[in-house]
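Chemist: Sequence and predicted structure below; questions after.
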Amino acid sequence: MQLVLLGAPGSGKGTLAADLKNIYDIPHISTGDIFRRNISNKTELGLKADAYISKGQLVPDDITINMVADRLSEPDCSEGFLLDGFPRTIPQADALNDIMKKLGRSLTAVIDVTISDELVLKRLTNRRVCSNCGLSYNLISMPPKQDGICDKCSGKIIQRKDDSEDTIKKRLETYHKQTQPLVDYYRDIGLIFDVSNEGKPEEAVNKVRKYFE
Ligand code: AMP
């Protein structure tokens, strides 16, 4: 199963992906997570990416596409994968088509996770993540049991640098301009499945499960 998750920042893609990865037993490939890992390890890729991410801009296509092409050719992707946060531009979607052709595969579905901008702002300003395992929390709806400490791995819980209000607004603007056109791109070829994610996370998971049944 080759899946793509589309949706605004804060739409809940990451939380949904964590469940779908287990249900369908496929690797969850989040380009945002790969960039963040490189930033914290201070790699050359991380230094380049940080200059864009901290401003709420997209990392240039050539850097991102090469990174994803390498990741998709790894052996754990041979039975399928779940792409979260890629593609984010039309050239990235075109590149994904080429990568799939070379691998002799095709996309199974593109899940478009929908949510209003107001709710994105509310969710992201209250979002906190584990600096060790990446698990997401929400200070209002899903706080950690112990303040500042991850329930799963006891790692330190932090606020992402790009979850400040100004950067969230910039990321939303970037999303509407550069990524939303992909919904029509994939709708035109019959791959889109829309899932509203304004309710509880398990409701979105159940809708996806039903769709694939
Ligand atoms: P995310 O965790 O998916 O919200 O991604 C965090 C940031 O990483 C984004 O705001 C972008 O700056 C960058 N990023 C992630 N995926 C991509 C992509 N496919 N193309 C360009 N930049 C990306």
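Modeler: Nice, I can see it. Residues are numbered from 1 along each chain as shown.

Chemist: Start from the N-terminal end of this protein and give the strands.
Modeler: Counting by DSSP state E, one finds strands in the chain at the ranges 2-7, 28-30, 81-84, 109-114, 127-130, 136-138, 157-158, 192-196.

Chemist: Can you name the residues in contact with the third one?
Modeler: Read that as strand 81-84. Here strand 81-84 makes contact (C-beta atoms under 8 Å, 6 or more residues apart in numbering) with 2-5, 13-14, 17, 20-21, 24, 26-32, 68, 72, 96. Quick note: C-beta positions are derived from backbone N, CA and C, even for glycine.

Chemist: run the last query once more with 6 Å
Modeler: 3, 4, 5, 13, 17, 20, 21, 26, 27, 28, 29, 30 (C-beta atoms under 6 Å, 6 or more residues apart in numbering).

Chemist: Now the residue in the chain positioned nearest to the ligand: closest residue in space, sequence neighbours ignored.
Modeler: Proximity of the chain to the ligand (C-beta to the nearest ligand atom) peaks at residue 32, 2.1 Å away. Of all residues not flanking residue 32 in the chain, residue 85 sits nearest, at 4.8 Å (C-beta to C-beta, 6 or more residues apart in numbering).

Chemist: Kindly tell me how buried that neighbour is, as a neighbour count.
Modeler: 23 (other C-beta atoms under 10 Å).

Chemist: now swap in the one 3 residues further on and tell me
Modeler: When neighbours are defined as other C-beta under 10 Å, residue 88 has 20 of them.

Chemist: wait, isn't it in contact with residue 179?
Modeler: Yes - at 4.7 Å, residue 88 counts as touching residue 179 under the criterion of C-beta atoms under 6 Å.

Chemist: And for residue 116, the neighbour number?
Modeler: 12.

Chemist: let me fix that: residue 207
Modeler: Count around residue 207 with other C-beta under 10 Å applied: 17.

Chemist: Next: the one 5 residues further on.
Modeler: By the measure other C-beta under 10 Å, the count of residues near residue 212 is 13.

Chemist: which non-adjacent residue is nearest residue 178?
Modeler: residue 89 (5.1 Å).

Chemist: give me phi/psi at that neighbour?
Modeler: phi -140, psi 160 (degrees, to the nearest 10).

Chemist: if I look at it, how far off is residue 170?
Modeler: Here the distance between residue 89 and residue 170 works out to 16 Å (C-beta to C-beta, to the nearest Å).

Chemist: Would you confirm that residue 85 contacts residue 31?
Modeler: Yes - if you go by C-beta under 6 Å, residue 85 and residue 31 touch, sitting 4.4 Å apart.
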